[in-house]
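Colleague: Test case, fold it:
(chains A, B, C and D)
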Amino acid sequence: MTSVAMEYGIVLAALLFSLGLIGIMLRRNLIFVLLSLEIMLNAAGLAFIVAGARWASTDGQIMFIFILAVAAAEVAVGLALILQHYRRYNTLDADLASKMRG
Amino acid sequence: MYDLLWLIPFFPFLSAILLVVLGSRMPRAVNGAIGAGSIGLSAIITIIIGINFLTSPPEGHSYTQVLWSWIDVGNFTPAISFHLDALSLVMIFVITFVGFLIHLYSTEYMIKDEGYARFFAYMNLFVGAMLVLVLGDNLVLLLLGWEGVGLCSYLLIGFWYKKPENGYAARKAFVVTRVGDIAMLIGIFLLFMHTGTIHIQQILDMAPRIWVEGATIPVAASLLLLGGALGKSAQVPLQVWLPDAMAGPTPTSALIHAATMVTAGVYLIARTHVIFELAPAVMTIVAVIGLVTALIAGFTALTQTDIKRVLAYSTISQIGYMFLALGVGAFAAGMFHFMTHAFFKALLFLGAGAIIHALHEEQNMFRMGGIRKDMPVTFWTFLIGCASLAAIPLVTSGFYSKELILWKSFSSQLGSVWFYIFGALGAFITAVYTFRMVFLVFYGEKKTEISHLPGTRILLTLVVLAFFSTVAGFIELPHTMGDFTLFSNFMASVLPSVPVLEYSLGTEFLLQLIATLLVAVGIYIAYVLYVKNPEAVNNLTASPAGQGVYTFWSIGWGFDWLYDKVFVQPVIFISRINKQDFIDSIYHGIAFATEVLHRLFTKTQTGKVRWYAMVLVAGAIIVITLAVLL
Amino acid sequence: MTLLWLLLLPIVGGLLAWVSGKTGTQLPRWISVLALALVFGLTLQVWFQYYSEIDIFTEQAWLIEFERDWIPQLGISFYLALDGLSLLLIALTAFLGLISVVVSWKEIQYRVGFFHFNLLWILAGIIGVFIALDLFLFFFFWEMMLIPMYFLIIIWGHEDKRYAAIKFFLFTQASGLMMLVAILALYFVHGNATGVYTFNYNDLLGTDISASVAMWIMLGFFIAFGVKLPAVPVHTWLPDAHTQAPTAGSVVLAGLLLKTGAYGLIRFVVPLFPEAATQFAFIAMILGVVSILYGAKLAFAQTDFKRLVAYTSVSHMGFVLLGIFAWNDLALQGAVVVIIAHGLSTGALFILAGGIQERIHTRDMDRMGGMWSTVPRMGTVAMFFAMASLGLPGLGNFVGEFLVLIGTFMENILLTVIAAVGIVAATIYSIWIIQRIFHGEPRETWEMPDLNIREMVVMVAMMLALLWIGLYPKPILNTAKPALDILQRGVEEVRMVEQTPVPDPRNEMQIFMSINQLHKSDH
Amino acid sequence: MTTVFYIASAIALLSTIMVITRYNAVHALLYLVVSFVSIALIFFVLGAPFIAVLEVIIYAGAIMVLFLFVIMMLNLGEVAVQKEKEWLPKQMWIGPGILSGILFVLIVYTLFQGEPQWAIVDMIGPAEVGAELFGPYIIAVQLAGLMLLAGLIAATLFGKRVKFKEKKEKEDS
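Modeller: Just a heads-up that it's a prediction; the model follows:
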């Protein structure tokens, strides 16, 4: 079918991953942190699929399914924690939760 | 009869232990009796054995009694064994006899002192240790006696421990003698290493076969042994402690710092004479040291005001003469002078003690005077002692022994005319300061009242000692007066007779005449300066040069000042600066460093999620770059 | 079996003492006295029983052996064995242990049960160290004696006991770990060299290790024992630990714990690594001399009595180090005698220091002075032990120091001369104690009771022991002789093999020995 | 087909950038949905139709909807957007930007080490994926199930409405 250079796929995944990374380091709002997390997870999934496609093996897709499962569980728990955080501090600022410091 | 030998040192030790343990519980009379009695018993046994030794000498003129084997490791097998021969017989005779008299004297002299039992315990311990030193068959046992004697001198100098300066004098004595002991220790090691045995007799008869004359080992060994002897006998480099040792009670000074301990060095050199003979260079060093000490001590004694310090310096000077005799190879003459010196010096010290007690603890001679009439016995016995010290001819023992030394120093192969000249000069100075002391103490007007006269026991001892310090000289008459050499033939079995160059009788007589003349002039000068016009001395020392010389002499030629600057101050300084042990600060440093690092790292934990994300990414980058680059 | 009893008695005694601590203060004391008396009795019984046989059999090293498998897979066995050297040291342990219990009769009132538990377990650890011959077991006992000592200092210590206890613990623990590494290294080197993985001392004796590796392993052992026997650079824990420990603690610390270091050097360092030890000998002897002089120098700078005595033991242990690495029969015997005599004399000085502190609650010598008149008995006793510590002939220390010096003289003359200067320093600090506390005019008037019966009995016992060693040391020398000969023979073969016959002084010695025989024969 | 791939990837990149830069959470969320759909398209292009569909259903559908619920529950009004502005000053971008830039460069550098790999793409349908999934990876599937269960329990637990006010008084009293 189409001959797409694998590198471009991986490059795309890498780009998305770094964007997600910027998101996490940058945003103080917990929601955005979680969102960036999702982006990174998705980028990883993309890399798997590209590799799977390259070697024509189903492992890539299976890995993606597991990443999906992980992402789902993680989001559920993350959002629940955000709710608790919000109830306690009435704001979504990540820096407030810094009791655990030296 | 000889197997009673071990009893001689045993009695003093036994009574010392008794006094220490039960001393405080028993009345003074009993303590005194035990203290003096034990030495008396030893004296009696010594006399018995002495007579036995003279009449029927044991084979080989020596007797060895082994009590038990002390240590035996490999070929190092010192045993607790006593060796009696002519030399040690003379020594133990003097120690026990003079020791007994001094103990008798101190039973009355120390009667008012609160540490009565303690005093006798230490004195007995001292006599015991001295006897072990003299009778010791091997060098380690000799060292045991040597250090024991040093300890007792420390204990007795610091007897009145209340005053710190006594404590200081005692410490000074112990440390200085200990420095000499270290030299001796190394000497013993050297001898043991090269002869494989520690027994003195074996070393002595092996030495000539192993080493040729002047070989490095005998020279080194004899020099080291000389170091030990100098320390103990207070000769030039290490003589600073003896004058301060006068801080102890007078009987102590009499026994330890006049009669016995200070002559331990003389005994050591006489005992190991074979090694010294193998090193003639060292023999001359001994002679020179003896002479130099005699002169220095003589000059210093001229300027002393305290009666006991005069006697102390005169002791150093007389031992200088003994070293001179040993140095020129006249071992018998040295021992003879030791014997006579023990008598008259003990007499002088005890006399001085009686005087000090009479003038209620006044020791400065310039505040005494005119007690000739009030204390006749003390005066006459003191005079005999001084005569013997100054070596007044024919009538005193000091004359015979000192003449013998001067003659041998002139006539012996190793001797030289210079030895004789300086020796005679020394004799002259001795005469001056001795009679200076007599005139100052007994003549002139009375400055302090007499509190109480000495008791019978003190006078008795003074008289006995006076008798001996005159009679003892007659057993060794020089050629010019009958050539009756009983003492040296007695000693011949142990000490070799010195190779003498042939001189006519006339020269010997001439030299004796010169010496006696010098003594007479000395006495006259002392008379002029201190009796006829006392202010003559002041104008002599008035001029700045005179004053300088006077003070220089009075502080013992500046040795004390020198040692203080060279040794004492640096040691105190070193010990002060590093009180807190700088190595400890290394470990404190480590602890401090960990604390600083800890405080640094806590700053990195800000608790913010984003900060941790950044650190995570930075870490990842570093790892990947490393992976990529390497 | 007796070896096992030697170990079990203090352990069980300790537990009993702790349990009985609930009931009151008297019971634990009597239990520990009983336990230690039994141990002492047992040691003496073993000593008399084997004393006659000791000099006969010199090839078969151990008097009693007790071996059981512990962890066979790793080659670890519960291997206890006793020879002349260990017998002497155990006798010293039992004697000083008994004394430390008697001495702390009045001093310890707070949690007496636990105190005696700790004390007895330290002694058990020390006895274990002296008889364990499986390196793993040795390390086990090495750590076992450390923890209770830490508790002893930190609970019953004096003013800044926390600092001293932790410092003591860190020093010994760190060096102990180094030794563990060394033991394991030796274990593996031996393992892959001979295929047999074992910690047994006798098997490990013969391992041939390359020179550099042997040097490193030897250094691991040396540092551990150097810290315990305070050699100079690593000695700084000693003054603090001694000053802050209670009297019983400092007696055990000075009398016994330092000896485990010396014992380790004799038993493990030199025999296991002969070539490395001979190369290292010169440096170790220099360390010995440095600790003699440095210890003495610091001793007479101190104003605190216990600290002064602590530094004196650094100086005395310098002699032991010197003697061990001179490694000829004179020096080794000397080292053993110094170990025993030092245990007694320093232990006694610590008991005195404790006694004074109990009475006037200070150790500062500047405030003391002229106490001879108030406490004459204590004065004479202190004088006796001060004389012992300066090496007065006729007492134990002199015999040891003389043998060490004469032995070292054979090896290296210069070092011996410098070490001999240490004796003058010893004189200074010993008299310094007497001068500052008992002589001189009293700075503050203390009225305090003199030594009571209990203390006097303890003191007289130690004085008699020192006099006995000083005047008749034959039994001690004969007991230690076969053990030391065997150790020496092991090292000698190796040294003769690899050392080209350079004419060192000892050969000269052989020539003169022959002459010695010569003149002996013709007598 | 390759042009489709490039277009879709461009859209994905753009929308992801928009996600990060938006102040308003809902706008960011919607951009994210767009990004996921474009990525699903890429999957389809790469011959993984099953995964593309899954992506759309679960990622875009389920997870994003969940986010929407939470945002709605927290009813962040305009004030939240205002706050976002102060929380996001311009110079904040530099740090993370540099870091992730370096990371990106590194990954690309490592990629282009070897010679370019041409992807011969052929379709792998759900059948093979299903067979593989329930073949060797059966354990992984069960584990994934367990994990989801754990996630479920955790979410319900954290979600409980705990009155913080009363809890605080209880702790203080």
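Colleague: Now do the SS call for residue C:374.
Modeller: coil (DSSP: H, G, I helix; E, B strand; the rest coil).
Colleague: and the gap between it and residue B:119?
Modeller: 19 Å (C-beta to C-beta, to the nearest Å). C-beta coordinates here come from the backbone N, C-alpha and C atoms, glycine included.
Colleague: Do I have it right that residue C:93 meets residue C:130?
Modeller: Yes: taking C-beta atoms under 8 Å as the definition, residue C:93 is a contact partner of residue C:130 at 7.0 Å.
Colleague: Name the nearest residue to residue A:19, ignoring sequence neighbours.
Modeller: Closest residue to residue A:19 apart from its sequence neighbours, by C-beta to C-beta, 6 or more residues apart in numbering or on different chains: residue D:16 at 4.8 Å.
Colleague: any idea how far residue D:160 is from that neighbour?
Modeller: In terms of C-beta to C-beta, residue D:16 sits 34 Å off from residue D:160.
Colleague: Helices of chain D, start to end?
Modeller: Taking DSSP state H as the criterion, chain D carries its helices at D:2-21, D:25-45, D:49-54, D:64-74, D:78-87, D:94-111, D:126-133, D:138-159, D:164-172.
Colleague: Tell me which of the ones you listed lies nearest to residue C:389.
Modeller: Nearest of the helices of chain D to residue C:389, taken as C-beta to C-beta: helix D:164-172 at 64.5 Å.
Colleague: so after the least confident helix or strand in chain B by mean pLDDT, what's the next helix or strand?
Modeller: When the helices and strands of chain B are scored by mean pLDDT, DSSP states H and E, helix B:535-542 comes last with a mean of 72. Per DSSP states H and E, the first helix or strand lying C-terminal to helix B:535-542 is helix B:544-554.
Colleague: out of residue C:374 and residue B:119, which sits in the more crowded spot?
Modeller: residue B:119 (26 against 17; other C-beta atoms under 10 Å in any protein chain shown).
Colleague: quick check, that one in a helix?
Modeller: Yes: assigned with three-state DSSP, residue B:119 falls within a helix.
Colleague: so residue D:63 makes contact with residue A:69?
Modeller: No: the pair residue D:63 / residue A:69 is not scored as a contact, 11.5 Å apart, by C-beta under 8 Å.
Colleague: Let me know the pLDDT of the residue nearest the centre of chain D.
Modeller: Residue closest to the average C-alpha location in chain D (C-alpha atoms, centre = their mean): residue D:59, at 7.0 Å. Residue D:59 is assigned 89 on the pLDDT scale.
Colleague: Kindly report the same for residue C:518.
Modeller: 52.
Colleague: One more: residue A:102?
Modeller: pLDDT recorded at residue A:102 is 66.
Colleague: hmm, the lengthiest helix in chain A touching chain B?
Modeller: The longest helix of chain A (DSSP H) is helix A:59-89. No: applying C-beta under 8 Å from any C-beta of the partner chain, one finds helix A:59-89 separated from chain B by no less than 11.1 Å.
Colleague: Could you list the low-confidence segments of the chain?
Modeller: Since no chain was named, I'll use chain A. A:1-5, A:102 (pLDDT under 70).
Colleague: ah, no, chain D please
Modeller: In chain D (pLDDT under 70), the answer is D:1, D:77, D:114-121, D:162-173.
Colleague: and the stretch 201-350 of chain C, which residues reach chain B?
Modeller: Residues of the stretch 201-350 of chain C lying near chain B (C-beta under 8 Å from any C-beta): C:232-233, C:235-236, C:239, C:297-298, C:300-302, C:329-330, C:333.
Colleague: and those, which of them are in helices?
Modeller: Those of those lying in helices (DSSP H): C:239, C:297, C:298, C:329, C:330, C:333.
Colleague: returning to what we had before: what about residue C:93 and residue C:130, which has more around it?
Modeller: Set side by side, residue C:93 and residue C:130 show more neighbours around residue C:93, with 30 against 26, by other C-beta under 10 Å.
Colleague: Check which helix or strand the more buried one maps to.
Modeller: Judged by DSSP H and E, residue C:93 forms part of helix C:84-103.
Colleague: how about that helix, does it get close to chain B?
Modeller: No: against chain B, helix C:84-103 shows no contacts by C-beta under 8 Å from any C-beta, the least distance being 13.4 Å.
Colleague: Work out the gap between that helix and the centre of the chain.
Modeller: The chain centre lies 11 Å from the centre of helix C:84-103; the measure is C-alpha atoms, centre = their mean, to the nearest Å.
Colleague: following it, which helix or strand shows up next?
Modeller: Counting by DSSP H and E, what follows helix C:84-103 is helix C:112-131.
Colleague: Please compute how far that following helix lies from its chain's middle.
Modeller: Between the centre of helix C:112-131 and the centre of its host chain there is 16 Å, according to C-alpha atoms, centre = their mean.
Colleague: the inter-axis angle of whichever helix or strand comes after that helix versus helix C:112-131?
Modeller: Of the helices and strands lying after helix C:112-131 in sequence (DSSP H and E), the nearest is helix C:135-144. Put simply, helix C:135-144 runs at 150 degrees to helix C:112-131, going by axes from the mean of the first three to the mean of the last three C-alpha atoms, to 10 degrees.
Colleague: Okay, buried residues for stretch C:342-360 please.
Modeller: Buried residues in stretch C:342-360, counted by 16 or more other C-beta atoms under 10 Å in any protein chain shown: C:342-357, C:359-360.
Colleague: can you point me to the longest helix in chain B?
Modeller: Assignment by DSSP H; longest helix in chain B turns out to be helix B:164-195.
Colleague: count of residues packed around the nearest residue to residue C:115 once chain neighbours are set aside?
Modeller: Excluding the flanking residues, the one nearest residue C:115 by C-beta to C-beta, 6+ apart is residue C:108, at 5.0 Å. Per other C-beta under 10 Å, the neighbour tally for residue C:108 reads 24.
Colleague: So residue B:317 is in contact with residue B:302, correct?
Modeller: No: using C-beta under 8 Å, residue B:317 is not in contact with residue B:302; the gap is 10.8 Å.
Colleague: which neighbours do the two share?
Modeller: Between them, residue B:317 and residue B:302 share these contacting residues under C-beta atoms under 8 Å, 6 or more residues apart in numbering or on different chains: residue B:429.
Colleague: between these two, which one's more packed in?
Modeller: A count of neighbours by other C-beta under 10 Å puts residue B:317 above the other of residue B:317 and residue B:302, at 26 against 17.
Colleague: For that one, list the residues it contacts.
Modeller: Taking C-beta under 8 Å, 6+ apart as the test, what residue B:317 contacts is B:293, B:294, B:295, B:297, B:298, B:301, B:426, B:429, B:430.
Colleague: And for the nearest residue to it once chain neighbours are set aside, the neighbour number?
Modeller: Leaving aside its sequence neighbours, residue B:317 sits nearest to residue B:297 (C-beta to C-beta, 6+ apart; 3.8 Å). Applying other C-beta under 10 Å, we find 30 residues neighbouring residue B:297.
Colleague: Can you verify residue B:297 is assigned to a helix?
Modeller: Yes: Residue B:297 sits within a helix when classified using three-state DSSP.
Colleague: So which bits of the longest helix of chain B are buried?
Modeller: Neighbour-count burial for helix B:164-195, counted by 16+ other C-beta under 10 Å, picks out B:166-195.
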